[in-house]
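Novice: Have a look at this fold, sequence not included:
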């Protein structure tokens, strides 16, 4: 089935460690996004990529990094510089720009920093 | 700063009651507007969207939303809710010439009592 696969679903990390969340899509979508979801704050945009080998910072990019080496993959690294990394992370993709179409979301990855 | 605001964090209704969830945005230019829904344990999915034309848009499952430009609002409505409408609802907006950046509101949790 076509869709977005995020892994792992649950992840625990010690303070000071970097961790990478995987996001793969087989929808042949050009654009991909990472959002962070916290209770009462909705979804906040971390990074987005409209084309391979290009990406832009969202509203809360500090402490995060991404790469877009392949169309179908957009991994997110949560670095030790992220002050409050415990959150639910959502990856999404869209065929064209977010302004013109629907975003398709993965099931999410819940990161807990111990 | 550009933002999307949702008025209610948690709404509790009985079945058959009417629903209206508020959404306001702060962009000054042309905007595209969306409502997404997250049912318990499921992916976020698109409920409806407004790009232009008739300001009253209809979505899935009997939902509709009205774009009122003078009030910068895009409220979601349903005449008669069902228990299965229990979910979290997110309003989102993107500015026409900032195609990659979709901004979400804080979300409204709707609980429908049977």
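Specialist: In hand now; what should we look at? The model shown is predicted, which means the values in this text are computed figures rather than measured ones.
Novice: which residues of the chain score low on pLDDT?
Specialist: Chain wasn't specified; assuming chain A. A:1-2, A:98-101 (pLDDT under 70).
Novice: ah, I was thinking of chain B
Specialist: Applying pLDDT under 70 to chain B flags residues B:1, B:96-100.
Novice: Can you list the residue ranges for helices in it?
Specialist: Assigned helices in chain B: none (criterion: DSSP state H).
Novice: what bridges to residue A:94?
Specialist: On the basis of DSSP bridges, residue A:94 is bridged to residue A:31.
Novice: same thing with residue B:112?
Specialist: With DSSP bridges as the rule, residue B:112 is bridged to residue B:13.
Novice: give the contact list for it.
Specialist: B:12, B:13, B:14, B:15, B:17, B:81, B:82, B:83, B:84, B:85, B:86 (CB atoms under 8 Å, 6 or more residues apart in numbering or on different chains). The C-beta positions use only the backbone N, C-alpha and C, and glycine is treated the same way.
Novice: if you skip the residues just before and after it, what's nearest to the third one?
Specialist: If you skip the residues right next to it in sequence, residue B:14 has residue B:113 as its closest partner in space, 5.0 Å away by CB to CB, 6 or more residues apart in numbering or on different chains.
Novice: Can you report how many residues neighbour that neighbour?
Specialist: Look at residue B:113: counted by other CB atoms under 10 Å in any protein chain shown, it has 11 neighbours.
Novice: so it sits right up against residue B:15, yeah?
Specialist: Yes: using CB atoms under 8 Å, residue B:113 is in contact with residue B:15, at 6.8 Å.
Novice: Spit out the residues that contact the two alike.
Specialist: residue B:83.
Novice: Could I get the contacting residues of the residue nearest to residue B:14?
Specialist: B:12, B:13, B:14, B:15, B:83.
Novice: With residue B:45 instead?
Specialist: Residue B:45 touches A:105, B:36, B:37, B:38, counting by CB under 8 Å, 6+ apart.
Novice: out of the residues you listed, which one sits closest to residue B:53?
Specialist: residue B:36 (20.6 Å; CB to CB).
Novice: Bridging across strands, which residues link to the closest one?
Specialist: residue B:46, residue B:90.
Novice: quick one: the residue nearest to residue B:14 and residue B:61, what's the gap?
Specialist: Residue B:113 sits 18 Å away from residue B:61, going by CB to CB, to the nearest Å.
Novice: Can you give me the buried ones in stretch B:36-50?
Specialist: Applying a neighbour-count criterion of 16 or more other CB atoms under 10 Å in any protein chain shown, one finds B:36, B:37, B:38, B:43, B:44, B:46, B:47, B:48, B:49, B:50 buried in stretch B:36-50.
Novice: If anything else comes up later, I'll come back, but that's it for now.
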